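> everything below, folded, please.
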Amino acid sequence: MTPLAEKIKAIIRVNGPISVTDYFALCLADPEYGYYRTRDPFGRGGDFITAPEVSQLFGEMVGIFLVQAWQKHLKPKRAVRIAEIGPGRGTMMADMLRVFSKLAPELYESATIHLIETSPALAGIQAQTLAGHRDRIHWHQTFDEIPDGFLLLVGNEFFDAVPIRQFVKTASGFRERLVGLDENDALTFAAGISGLDAALLPSGHRDAPVGTIVEIAPARSAIMQAIADRLFNSGGTALFIDYGHLEAGFGDTLQAVLDHRFDPPLANPGEADLTSHVDFSALAEMAQVRSVHVNGMMTQGDFLLALGTAERAGTLGAGKDPVQQAAIRSAVERLVGTETNEMGVLFKVLAVSSPQVALAPFETRSQT
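Have a look, this model is predicted:
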């Protein structure tokens, strides 16, 4: 039994079952025992490995994309803010800044760097990773703390850690899914009394069988709204890469990962990473509602390959020994693999911009 499990049980005994949203938030952000508050979860010594930790190629491609965006926005003369939301260990930002310094020194020298991070432990690691840029980096607790200016924003595996709401279909309709206690005093899922407006349900919900799960993410939409409003008012481009789907649907995607293996979501609160799939269509819709251009959505594999990952890998491997070359090829395959259980397919990419600019590979793809 984890310390956070005991704390959650105590809350339930006093106040009754809690929503999946509250459970999600406690697991990741509880001040005492929250997963991201107490540890470094990334890398081989953590619970999972993110794309920037797989290979420098990932961050380099993202950097190339943002350089292109800056150029397509006609290299704004006003203040430029390079920002990452949920920056992990700072690995991707380090790789991006290396690209900026080589391909766009004017951008690298003039922009300020902003990291939105709520974990003191991770902020400390980011400071070490980015020590060479330390005097230009600013840390923020929330997105709205970034000062005004043209914005180049990226978020990799950020939205999947923002809490969701779940609704389960019962004989009397969809009811909010809660976390309570069973007869053995163990955490368990239960159906509450709160319903969901039918307008928010995917098509086909009337024919869905009892037990079907629907997920909505108002907190994610609120964050996207804030980002879109900032882009509309100050200009810029934002790029998001996450585990998710391009169209809304049914299904329980709440999942936990512990020591690089899937773990039951209620088994080890505070000690396992808790995530759910991101509905990219909902994020894109919010951007459009706020009058921000949606450049497009695609799989991570298509995105990276279109930007030249394979060619860059060849350059990176030139002159290396066979073992190093094999490692580079393996990393590329992991990032762009097309099997259903590989990152190249599982992860999706969304780009939005204001004012509207044509950004490859999205605009090029839409014209073919």
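
> for the chain, give me the ranges with low pLDDT.
Scanning the chain for pLDDT under 70 picks out the ranges 38-48, 364-368.

> secondary structure element for the residue of it most remote from its centre?
Largest separation from the mean C-alpha position in the chain: Glu183, at 36.6 Å (CA atoms, centre = their mean). Taking DSSP states H and E as the definition, Glu183 sits outside all helices and strands.

> and it, backbone torsions?
Glu183 has phi and psi values of phi -70, psi -20 when expressed as degrees, to the nearest 10.

> so how far is Leu316 from it?
For Glu183, the distance to Leu316 (CB to CB, to the nearest Å) stands at 58 Å. Placement of C-beta: from N, CA and C, glycine included.

> repeat for Gly124
According to CB to CB, Gly124 stands 30 Å off from Leu316.

> ok, the two, which is more surrounded?
More neighbours sit around Leu316 than around the other of Gly124 and Leu316, counting by other CB atoms under 10 Å; the figures are 18 against 12.

> the more buried one against Asp95, yeah?
No: counting by CB atoms under 8 Å, Leu316 does not reach Asp95; the two are 11.9 Å apart.

> shared neighbours, these two?
Gln56 (CB atoms under 8 Å, 6 or more residues apart in numbering).

> number of nearby residues for Tyr108?
Neighbours of Tyr108 under the rule other CB under 10 Å: 20.

> how about it, nearest residue that isn't a chain neighbour?
If the residues on either side of it in the chain are set aside, Tyr108 comes closest to Phe100, at 4.0 Å by CB to CB, 6 or more residues apart in numbering.

> OK, contacts around that neighbour?
Phe100 is in contact with Gly63, Leu66, Val67, Ile82, Leu107, Tyr108, Ala111, counting by CB under 8 Å, 6+ apart.

> what subset of these is buried?
Buried members of the contacts of Phe100, counted by 16 or more other CB atoms under 10 Å: Gly63, Leu66, Val67, Ile82, Leu107, Tyr108, Ala111.

> how much space separates the third one from Lys75?
In this structure, Val67 and Lys75 are separated by 10 Å, where distance is defined by CB to CB.

> and the contacts of the strand or helix carrying Ala25?
Assigning secondary structure by DSSP H and E places Ala25 in helix 20-29. Contacts of helix 20-29 with the rest of the structure, by CB under 8 Å, 6+ apart, involve 4, 7-8, 18, 34-37, 118, 161, 163-166, 176-179, 219, 254, 269-270, 272-274, 276.

> mind listing which of those are in strands?
Counted as lying in strands by DSSP state E, out of those, are Ile18, Arg165, Gln166, Glu176, Arg177, Leu178, Val179, Asp273, Leu274.

> with adjacent residues omitted, what lies nearest to the third one?
Once its chain neighbours are removed from consideration, Gln166 has its nearest residue in Arg177; the separation is 3.9 Å (CB to CB, 6+ apart).

> please list all residues in contact with that neighbour.
Contacts were defined as CB under 8 Å, 6+ apart; by that measure Arg177 touches Ser19, Val20, Gln166, Phe167, Val168, Phe189, Ala190, Ala191, Gly192, Ile213.

> again, only using 7 Å
Contacts of Arg177 were listed using CB atoms under 7 Å, 6 or more residues apart in numbering, and they are Val20, Gln166, Phe167, Val168, Phe189, Ala191.

> what do you get for Ser234?
Asp148, Gly149, Phe150, Leu151.

> of the residues you listed, just the buried ones, ChimeraX syntax please.
Typed into ChimeraX, the line below selects the buried ones among the contacts of Ser234, using 16+ other CB under 10 Å:
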select :149,150,151
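
> okay if I get the contacts of Ser234 as a markdown table plus secondary structure and distance to Val294?
Output for the contacts of Ser234, formatted as a markdown table (DSSP: H, G, I helix; E, B strand; the rest coil; distance: CB to CB, whole Å):
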| residue | secondary structure | distance to Val294 |
| --- | --- | --- |
| Asp148 | coil | 23 |
| Gly149 | coil | 22 |
| Phe150 | strand | 19 |
| Leu151 | strand | 16 |
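
> ok, the contacts of Ser234 vs Leu57, which is closest?
Checking the contacts of Ser234 against Leu57 by CB to CB gives Leu151 as the nearest, at 24.6 Å.

> identify the bridge partners of that closest one.
The partner list for Leu151 in beta bridges (DSSP bridges) reads Arg81, Gly236.

> check contacts around it.
When contacts are counted by CB under 7 Å, 6+ apart, Leu151 touches Arg81, Ala83, Arg230, Leu231, Ser234, Gly236.

> most neighbours among those, please name it.
For those, neighbours were counted by other CB under 10 Å; the highest total belongs to Gly236, with 28 neighbours.

> wait, it touches Phe150, no?
Yes: with contact defined as CB atoms under 7 Å, Gly236 and Phe150 form a contacting pair (5.2 Å).

> how much space separates Leu316 from Val62?
Separation of Leu316 from Val62 (CB to CB): 16 Å.
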